[in-house]
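> would you be able to build a 3D model of this:
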Amino acid sequence: MAKRRPKGALEKEIDELYSLPFDEFTAGRDALAKRLRDDDERADAERVRKLRKPPRPVWLVNQGVRAEPGAAKRLLQAGERLAKAQDAALTGGGSDKLKQAMADQQAAIEAMMETIDELAGPDRPGPAIMDRARETLRAVAGDEELHDELAAGRVT
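Numbering: from 1, shown residues only. Next comes the predicted model:
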């Protein structure tokens, strides 16, 4: 018979997976899936087994979110303001609000990039990876369906 897990325990363990060092994600995921399977929690084991390892730039974004959740929240809010300003501009609204919303989003992206850069320290990846992290932030900020993943630090 399967052990009863506390409510939210699996989500906490998944959060821990996404906070692991980049090179440890796959082994951690596989070990968690095996443990769940051994505990006869097959549905949870299958869910964990299907979790995708984020590419390095996305992993950096997730680590930045975990380190500075307030900066991530500001980025999401800036993305929402930009979407509203774009809608308003399409219906004849002023371009000043659109320009300001674009500048605000860019500032929020750069704030997250500063956090990511600080976390990377001397092991900072090359410019191409950092540029992809920046583009990931821009894309996620503009995609409402991904906001929960970003807020949780689980973008894949």
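
> for the rest of this, base every contact and every neighbour count on C-alpha atoms.
Will do.

> how close does residue 114 get to residue 82?
Residue 114 sits 21 Å away from residue 82 when distances are taken as C-alpha to C-alpha, to the nearest Å.

> quick check: next helix or strand after the longest helix belonging to the chain?
Across the chain, the longest stretch assigned as helix under DSSP state H is helix 95-120. Sequence order places helix 127-141 as the next helix or strand after helix 95-120, per DSSP states H and E.

> and residue 26, how close does it get to residue 32?
Relative to residue 32, residue 26 is positioned 10 Å away (C-alpha to C-alpha).

> not counting stretch 91-103 itself, show me its contacts.
Around stretch 91-103, the neighbours that count as contacts under C-alpha atoms under 8 Å, 6 or more residues apart in numbering are 78, 81-82, 85-86, 88-89.

> among these, which are located in helices?
Checked against DSSP H, those include these in helices: 78, 81-82, 85-86, 88-89.

> next, the contact list for residue 133, please.
57-58, 60-61, 113.

> export these to TSV and tack on distance to residue 126 and neighbour count?
Formatted as TSV, the contacts of residue 133 follow (distance: C-alpha to C-alpha, whole Å; neighbours: other C-alpha atoms under 10 Å):
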residue	distance to residue 126	neighbour count
57	10	22
58	14	24
60	12	28
61	15	29
113	13	21
